[in-house]
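Kindly return the folded structure for what I paste below:
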Amino acid sequence: MPEQEKKKRVLVVEDEKNIAMLLAYNLMQAGYAYEVANDGEEGLRKALTGTFDLILLDLMLPKMDGFEVCRRIRKKLSTPIIIATARVEEVDKVMGLDIGADDYVTKPFPMNELMARIKANIRRSSNEMVNAAAESENDVITIRSLVIDTAKYQVTRDDEPLELTKKEYELLCFMAKNQGTIYSREQLLEEVWGYEGFYGDTSSVDVTVSRLRSKLEHDTSKPEYLFTKRGVGYYIK
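Residues are numbered from 1 along each chain as shown. Okay, here's the model as predicted:
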């Protein structure tokens, strides 16, 4: 059916069937098409062989854990990934974002917040494809020895390439294009993550900034590029 084909498609990788059913119901109510995978291997197979606009991924999965699923998906696809899990430890969030997840939410989560994050990630991903096509071939941002080539999706420091995740790259580009402007966590959630208004947990911003800083700076205790204005937010100069 033509209308069904136009719907945005979400892959739910969740082994707890009651949670999977709840997510599926809310996705359907919000106007999305969806598929469900109940273990990591099935989730990976569906992600790589299907066409999805977003992947909602649990971590504690049978057969293959969510970290490995995320890692393998990200090697092949740039599809937005939201990790939704009961694992609340900071190290898990750091690892999830570091291997390429776009966001990380912990259970139990307000369903309206999760739906808002899904909508924002899908919208932002669609806008990125349009913007990428319009990027100038000579759109290069240089900050001392840091060079950001947005046409090539490449960042170098001292002529050495930096391996950044998709979200780290997006954060760097946004802040580099707005050098000197201090952004709060909530503003960055809106500008970089695409969340309109404040949706609860801002720790994804702190983790992404911390990981980006560790890759940009020679000495994170004496930053040259990415700075913190205590009690206000982050900025690049």
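
Val147: what secondary structure?
Following DSSP: H, G, I helix; E, B strand; the rest coil, the label given to Val147 is strand.

Pretty sure it sits against Val140.
Yes. Contact criterion CB atoms under 8 Å: Val147 and Val140 qualify, at 6.4 Å. Using the backbone N, CA and C atoms, a C-beta is placed for each residue, glycine as well.

Same drill for these two, tell me which one is more crowded.
When Val147 is set against Val140 and neighbours are counted by other CB atoms under 10 Å, the residue ahead is Val147, at 17 against 13.

gap between that one and Ser214?
For Val147, the distance to Ser214 (CB to CB, to the nearest Å) stands at 19 Å.

ditto for Asn121
As it turns out, when the distance is counted by CB to CB, Asn121 lies 24 Å from Ser214.

wait, what's in contact with the residue nearest the centre of the chain?
Nearest to the geometric centre of the chain sits Asp102, at 1.3 Å (CA atoms, centre = their mean). Contacts here follow CB atoms under 8 Å, 6 or more residues apart in numbering; on that basis Asp102 touches Pro80, Ile81, Ile82, Asn121, Lys166, Lys167, Trp193.

Just those: which are in strands?
Secondary structure defined by DSSP state E assigns Ile81, Ile82 of those to strands.

Name the member of the contacts of Asp102 with the most neighbours.
Note: the member of the contacts of Asp102 with the most neighbours is Ile81, at 29 neighbours, neighbours being other CB under 10 Å.

dump the residue contacts of it.
Ile81 makes contact with Leu54, Ile55, Leu57, Cys70, Ile73, Arg74, Gly100, Ala101, Asp102, according to CB under 8 Å, 6+ apart.

If we use 7 Å, what do you get?
For Ile81, the contact set (CB atoms under 7 Å, 6 or more residues apart in numbering) comprises Ile55, Leu57, Cys70, Ile73, Gly100, Ala101, Asp102.

From those residues, pick the one nearest Gly43.
Using CB to CB, Leu57 is the member of these that lies nearest Gly43, at 6.9 Å.

Next, count neighbours for the closest one.
Using other CB under 10 Å, Leu57 has 28 neighbouring residues.

do Ala151 as well
Using other CB under 10 Å, the number of residues around Ala151 comes to 12.

mind checking how far it is from Arg74?
Distance, Ala151 to Arg74, using CB to CB: 22 Å.

repeat for Leu59
If you measure Leu59 against Arg74 using CB to CB, the figure is 15 Å.

same check, this time on Arg45
Arg45 sits 16 Å away from Arg74, going by CB to CB.

Just want to know which of the two has more residues nearby.
When neighbours are counted by other CB under 10 Å, Arg45 and Arg74 differ, and Arg74 comes out ahead with 16 against 13.

ok, the more buried one - contacts?
Under the criterion of CB under 7 Å, 6+ apart, the neighbours of Arg74 are Ile99, Gly100.

Quick check, pLDDT for it.
In the predicted model, Arg74 carries a pLDDT score of 93.

so which helix or strand takes in it?
Taking DSSP states H and E as the definition, one finds Arg74 inside helix 66-76.
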